[in-house]
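>>> Sequence plus the predicted model coming up.
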Amino acid sequence: MTSQTLNTPTAEQIRRAPKVLLHDHLDGGLRPGTIIDLARATGYEASLPETEPDKLGLWFREAADSGSLERYLETFAHTCAVMQTREALFRVAAECAEDLAEDGVVYAEVRYAPEQHLEAGLTLEEVVEAVNEGFREGERIARANGRRIRVGALLTAMRHAARALEIAELANRYRDTGVVGFDIAGAEAGFPPTRHLDAFEYLKRENNHFTIHAGEAFGLPSIWQALQWCGADRLGHGVRIIDDITVTEDGEIRLGRLASYVRDKRIPLELCPTSNLQTGAADSYPEHPIGLLRRLHFRATVNTDNRLMSGTSMSVEFEHLIDAFGYTLDDMQWFTVNGMKSAFIPFDERLAMINDVIKPGYAELKSEWLFRQTAATSETSPEESW
Ligand SMILES: O=c1[nH]cnc2c1ncn2[C@@H]1O[C@H](CO)[C@@H](O)[C@H]1O
Ligand SMILES: [Zn+2]
């Protein structure tokens, strides 16, 4: 056995390793069986493309695999349709926290757009409260199962709509009760983030935090606006920052002004590899810009985006990256600490997570690796060992 293979975490270790998730959509992570249950209860079943859980899960993955962000986003009509009551939102949020905890996620910021859940008469406040209560319930269930997770909500405003200021005010109102920040999402081309400057300026005046989906379906101008006009704390995706990095034939790497700014200021990139493959923002895992961005020490983080549409989880994202780039537990820890440093909760709480949960978790896994290495070495001939 080579040290490379010994150093590669197993699927089971990947799942057990503490993970941090900053970019995950609540309406992109439902269990297929739950969609069917909820659809039955509300008469939406006839509108579902499939009514058997495995087939429905496959339908989402295939429908989202179109190479276009716009087509990818159409699939959310079905999940949002069944998330219109207090009970449905509570259940979906609780299951989300449970599923993430089961996958070894210790801290997550999960986002959704409250304005998409008002069709059956809920108010924006009722939506936020139902989701918050669901997250608390999921945390409790996880704890009862011996797992520890903390989930914060990010409130998203849809970039094609005109409710961003209202949603930003809502995020501010619930900042001490479960909501940790704000986001804008939806089709990127044609909807620049500067359409919502009033919301971002309001949040800055309130010393609140926000991320912006930028640099996914549209390139550098979108990232530039998100940072320099809107003042985003983080970039949702931001993967197209690669367009401002040149690798010459002799291997020299040059960063343009914007890429330098992003790296110098340690702007967190919420990278979502599988989602990027589906929307056409990247061609394959080995070609995904995360490899170069990690080598160049950008503040890169690993995320799921939409677990249902991508058939993924944090463990699956790491499995793909480990396959493509030969990452070790040290790389996993680096991405995880980057995620925790970039979270929107207070500094002392982030530090406590890093020192009390993440580092000890990886230290334990690495000691198992050392044990395996010692066991393997003792199997080789005496000359080799000495
Ligand atoms: O990768 C993405 N890029 C842009 N918008 C997205 C992405 N994934 C989901 N949403 C949008 O965010 C809404 C709230 O969660 C979803 O309903 C979907 O329309
Ligand atoms: Zn997203």
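It's in. Numbers count the residues shown, from 1 in each chain. Ligands and ions are numbered 1, 2, ... in the order given.
>>> any residues touching the strand or helix carrying residue 41, and which ones?
Using DSSP states H and E, residue 41 falls within helix 32-42. Helix 32-42 is contacted by residues 44-45, 47-48, 51-54, 56-57, 60, 78-79, 81-85, 88, 91-92, 95, 308 when judged by C-beta atoms under 8 Å, 6 or more residues apart in numbering. Yep, even glycine has a C-beta here, placed from its N, CA and C like the rest.
>>> Filter those down to just the ones in helices.
53-54, 56-57, 60, 78-79, 81, 88, 91-92, 95, 308 (DSSP state H).
>>> what's the closest of those residues to ligand 1?
For these, the minimum distance to ligand 1 (C-beta to the nearest ligand atom) is 7.4 Å, reached by residue 79.
>>> who touches the closest one in this structure?
27, 28, 30, 35, 308.
>>> Check what pLDDT it gets.
pLDDT, residue 79: 98.
>>> And residue 67, by the same measure?
For residue 67, pLDDT reads 88.
>>> Can you list the buried residues in the helix holding residue 41?
32, 34, 35, 36, 37, 38, 39 (16 or more other C-beta atoms under 10 Å).
>>> And for stretch 152-164?
152, 153, 154, 155, 156, 157, 158, 159, 161, 163, 164.
>>> Could you do stretch 13-22 as well?
13, 14, 15, 16, 17, 18, 19, 20, 21, 22.
>>> and the contacts of residue 79, which are buried?
Buried members of the contacts of residue 79, scored by 16+ other C-beta under 10 Å, are 27, 28, 30, 35, 308.
>>> And those, which two are furthest apart?
Maximum pairwise distance among the buried ones among the contacts of residue 79 (C-beta to C-beta): 11.7 Å, between 28 and 35.
>>> got the buried residues for the helix or strand containing residue 172?
Counting by DSSP H and E, the element that carries residue 172 is helix 164-173. Residues of helix 164-173 classed as buried by neighbour count (16+ other C-beta under 10 Å): 164, 165, 167, 168, 169, 170, 171, 172.
>>> distance between it and the chain's centre?
21 Å (C-alpha atoms, centre = their mean, to the nearest Å).
>>> next helix or strand past that helix?
Immediately after helix 164-173, counting by DSSP H and E, sits strand 179-185.
>>> any bit of that next one sitting next to ligand 1?
Yes. Contact of strand 179-185 with ligand 1 (C-beta under 6 Å from any ligand atom) involves residue 185.
>>> report the angle between the axes of that strand and helix 164-173?
160 degrees (axes from the mean of the first three to the mean of the last three C-alpha atoms, to 10 degrees).
>>> So which elements touch strand 179-185?
Counting contacts by 3 or more C-beta pairs under 8 Å, 6 or more residues apart in numbering; DSSP states H and E, strand 179-185 packs against strand 105-112, strand 150-158, helix 164-173, helix 197-205, strand 211-214.
>>> Can you add mean pLDDT and distance to ligand 1 and give these back as JSON lines?
As requested, these are arranged in JSON lines below (pLDDT from 0 to 100; distance: least, C-beta to the nearest ligand atom, whole Å):
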{"stretch": "strand 105-112", "mean pLDDT": "99", "distance to ligand 1": "5"}
{"stretch": "strand 150-158", "mean pLDDT": "98", "distance to ligand 1": "5"}
{"stretch": "helix 164-173", "mean pLDDT": "98", "distance to ligand 1": "11"}
{"stretch": "helix 197-205", "mean pLDDT": "98", "distance to ligand 1": "15"}
{"stretch": "strand 211-214", "mean pLDDT": "97", "distance to ligand 1": "5"}
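>>> about what we covered before: give the buried subset of the contacts of helix 32-42 as a PyMOL selection command.
Restricted to buried positions by 16+ other C-beta under 10 Å, the PyMOL selection for the contacts of helix 32-42 reads:
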select buried, resi 44+48+56+57+60+78+79+81+82+83+84+85+88+91+92+95+308
